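Trainee: no sequence for this one, just the structure:
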């Protein structure tokens, strides 16, 4: 089967690697966005998908858009049987969707139609889902609205971060794709329309989402810390400086007489400081002052004892 792969971040690489290593699949081309300036030196940086492709002698294409006729003609010349999409980051125009005989197949890290849109993994953590999963779907012109080809569930234990869970789900997605792509080609699988009445839609995360709202419960804030890892993180302000709450825990769910945002001494050696919330105490384990390295809370308190009693 002749394939074109479209993807960008590191967690999409295992999907491409699986396709590259499996007999019966030929990667005719790898599409990824143009290199972008990154870091303090603003040097041009290739995507992880591009780096993998070059290391394995796969042809790379980096159009800024797939809407120009020239870009579409270049893609058509590759004559793919199917286009595989894994976190490419761009909507595909109708001529591209209609190009491959087997369609454009997308790996989406949720159980569609739940959590359509740009932040399905973070949202699953934010709302406290107990089960999420991966969907293999046929792309159309909507935002994750295309027919479903296959799905698999993944139970959550309440400790996942968005970073780790995303990696896990795309690894599962790669396995799901390998198992079902031949069946899709043979006609054994049929795509089923989504039930739009069950749909939920996520939104793109913004940096402001990471600012701690101490009127929320400790449980909600702990979920936010995990959902916003690695970006934008959960953060607050103290003594004129930003403070990133790198690792937190729910220390208590009981009501407290402290004001929301007040740092308290817990008397617990494992979690010596916590912050009062709208309901319960959010334990602090690792924090990072703006411009400094992350440190364990007990080390931080030795250098800043006035942190106890502060109002964040």
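Mentor: In hand now; what should we look at? Note that the structure is predicted; figures quoted are calculated from it, not measured.
Trainee: which residues touch stretch 235-248?
Mentor: 210-212, 214, 221-222, 225, 233-234, 261, 282-291, 294, 307, 310, 312 (C-beta atoms under 8 Å, 6 or more residues apart in numbering). Where you see a C-beta, it was placed from the backbone N, CA and C, and this is true even at glycine.
Trainee: Show the end-to-end separation of that stretch, please.
Mentor: Stretch 235-248 has its terminal residues 11 Å apart, counting by C-alpha to C-alpha, to the nearest Å.
Trainee: Any quick PyMOL command for the buried ones out of the contacts of stretch 235-248?
Mentor: Buried subset of the contacts of stretch 235-248, written as a PyMOL selection, criterion 16 or more other C-beta atoms under 10 Å:
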select buried, resi 210+212+214+221+222+225+233+234+261+282+283+284+285+287+288+289+307+312
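Trainee: Next up, identify which helix or strand residue 83 is on.
Mentor: Per DSSP states H and E: residue 83 is located in strand 82-86.
Trainee: Apart from its neighbours in sequence, what residue is nearest residue 290?
Mentor: Nearest residue to residue 290, sequence neighbours excluded (C-beta to C-beta, 6 or more residues apart in numbering): residue 242, at 3.9 Å.
Trainee: what about that neighbour, how many residues close to it?
Mentor: Here the number of neighbours of residue 242 (other C-beta atoms under 10 Å) works out to 14.
Trainee: beta partners for it?
Mentor: Counting by DSSP bridges, residue 242 forms beta bridges with residue 237.
Trainee: Going along the chain, name the helices of the stretch 51-200 of the chain.
Mentor: Remark: helices assigned in the stretch 51-200 of the chain by DSSP state H, counting those that start in this stretch are 69-76, 94-97, 120-126, 162-186.
Trainee: Of the ones you listed, flag the one that's most buried.
Mentor: Of all the helices of the stretch 51-200 of the chain, helix 120-126 carries the top mean neighbour count, a mean of 24, counting by mean count of other C-beta atoms under 10 Å.
Trainee: I would like the residues contacting the strand holding residue 83, please.
Mentor: 1, 3-7, 12, 15-16, 19, 92, 96, 99-107, 139, 170, 173-174, 177, 181, 184-185.
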